[in-house]
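Peer 1: prediction below, plus the sequence it came from.
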Amino acid sequence: MNQKRPIRIVLGKPGLDGHDHGAKVVARALMDAGFEVIYTGLRQTPTSIAKIARDNDADVVALSSMAGSHLEFCRKLKPMLEQSGLGNRLWIIGGNLPRTDHANLRALGFKGVFPSSSRLADIVAFIEANVP
């Protein structure tokens, strides 16, 4: 029997952001939905997230950002993900994301933008709808 593996998500905490409670809640909800989640832990660099995502053949690269440096971080991460062969994977970001930044995040390739008020079920449904 040919069984497809679960959707694999690398969930990263970028930069100096030390707030990971929300990321852990999201990770648990994703695991409960049947996804495989690799949580990077705190204070990751763009290089480390790109490497972890590449090494784990991630279907989804997810970021949780509460510190306000999300645009700068995503600008640095984008070319690294593309160079790692992950340009065609689903990129999403959640956290403290002002509405004024949503269009810029989407323009950088982050198809899913989830402010901290987002429902966990909506994040799960978005991933299911956007990963073949």
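Peer 2: Perfect, I can see it now.

Peer 1: mind listing what the spatially closest residue to Thr40 that is not a sequence neighbour touches?
Peer 2: Excluding its sequence neighbours, the residue lying closest to Thr40 (C-beta to C-beta, 6 or more residues apart in numbering) is Gly12, at 4.4 Å. For the C-beta atoms, the positions are set from N, CA and C on the backbone; glycine is no exception. Each residue near Gly12 by C-beta atoms under 8 Å, 6 or more residues apart in numbering is listed here: 40, 44, 48-49, 52-53, 61-64.

Peer 1: Pro132 versus Gly12, what's the distance?
Peer 2: 22 Å (C-beta to C-beta, to the nearest Å).

Peer 1: regarding this structure, what is its longest helix?
Peer 2: Under DSSP state H, the helix in the chain containing the largest number of residues is helix 70-83.

Peer 1: where do the strands sit along the protein?
Peer 2: Secondary structure of the chain by DSSP state E: the strands cover 8-12, 36-39, 60-65, 90-95, 112-115.
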